[in-house]
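> Sequence and predicted structure are below.
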Amino acid sequence: MSGHTTRTVAEERKYRRQRLAASLRLFARYGFDAGVGGHITARDPGDPELFWINPFGVHFGHVRASDLLLVDGEGAVVKGEGRVNPAGFAIHSQIHAARPDVVAAAHTHSVYGRAFSTLGRRLDPITQDACAFYEDHEVFDGFDGVVLDLEEGRRIAETLGSAKAVILRNHGLLTVGTTVQEAAWWFITMDSSCRVQLLAEAAGTPHLIPPVVAKDTAATIGTPAMGRLNFRPLWDDIVRVEPGLLD
């Protein structure tokens, strides 16, 4: 359970829900919210067939842990009050079904993620931060409109494979992790890496980090433990500034 074996199921559930709410608040701060689009999910520790998701139509910056919805494999709300984003269910239900190792998944329509997704290619290893995704992200090379079909969600999960992220062409980014912290941090830093590459390519031709160096760097900064570590100061800050999210 999130790298800890001493928590009870109830304690782990609270832990995940609070970090999910914190991630949504952080995403609002980074400008990743866009109307009713975007969702972050966390698998329930008591029943791995269920997952928690932010309620449809509620601003990321207002979500509390108590506002999250528990959803089953059919998209029905098992606990909580509110509606489930249909696209969120179509994508996340298939990700969680295909990847038992994944506790959390994040997808929003961030500006730089959307811009880079139109190129239909992977990030290049042009910075230390981008190396976190070296040989560990894929591209879903297709866009058929809003993802409301479970079959398309399944294809996205299939393309993701065992990676930590997938770029959805003409759509945006999706990241996953063995904890909520990882999924959230990978999304934040991936969007930032998209921004850097767009800026660098607008200015000239970036120098690529050699494959051997990129791979060694990924082994250092692309690990689950590093994802959790990078999330920690963000958690400390958002909880201090907006403690109500824990309710």
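Great, that's in hand.

> what residue ranges in the chain score low on pLDDT?
Within the chain, the segments meeting pLDDT under 70 span 1-5.

> give me phi/psi at the nearest residue in space to A218 that is not next to it in sequence?
The shortest distance from A218 to any non-neighbouring residue, by CB to CB, 6 or more residues apart in numbering, is to Y134 (4.3 Å). Glycine gets a C-beta too; all of them are placed from N, C-alpha and C. Main-chain dihedrals, Y134, degrees, to the nearest 10: phi -60, psi 120.

> and Y134, what is it in contact with?
Contacts here follow CB atoms under 8 Å, 6 or more residues apart in numbering; on that basis Y134 touches P125, A214, K215, T217, A218, G222.

> any idea how far the last one is from P100?
Counting by CB to CB, to the nearest Å, the gap from G222 to P100 is 21 Å.

> Those two: who's more crowded?
Between G222 and P100, counted using other CB atoms under 10 Å, G222 has the larger neighbour count: 21 against 9.

> Next, the nearest residue in space to that one that is not next to it in sequence: phi, psi?
Distances taken as CB to CB, 6+ apart put A132 closest to G222, at 3.9 Å, once the chain neighbours are dropped. Backbone torsions of A132, given as degrees, to the nearest 10, read phi -60, psi -20.

> Tell me how far the nearest residue to T118 once chain neighbours are set aside lies from F140.
Spatial nearest neighbour of T118, chain neighbours left out: N170 (5.7 Å); criterion: CB to CB, 6+ apart. N170 is 10 Å from F140, where distance means CB to CB.

> Can you give me the buried ones in stretch 189-209?
Neighbour-count burial for stretch 189-209 flags T189, M190, D191, S192, S193, C194, R195, V196, Q197, P206, I209 (criterion: 16 or more other CB atoms under 10 Å).

> what's the following helix or strand after the strand or helix carrying the fifth one?
To tie it back to what came earlier, the one meant is S193. In this structure, S193 sits in helix 180-203 according to DSSP states H and E. Where DSSP H and E defines the elements, the next helix or strand beyond helix 180-203 is helix 211-221.
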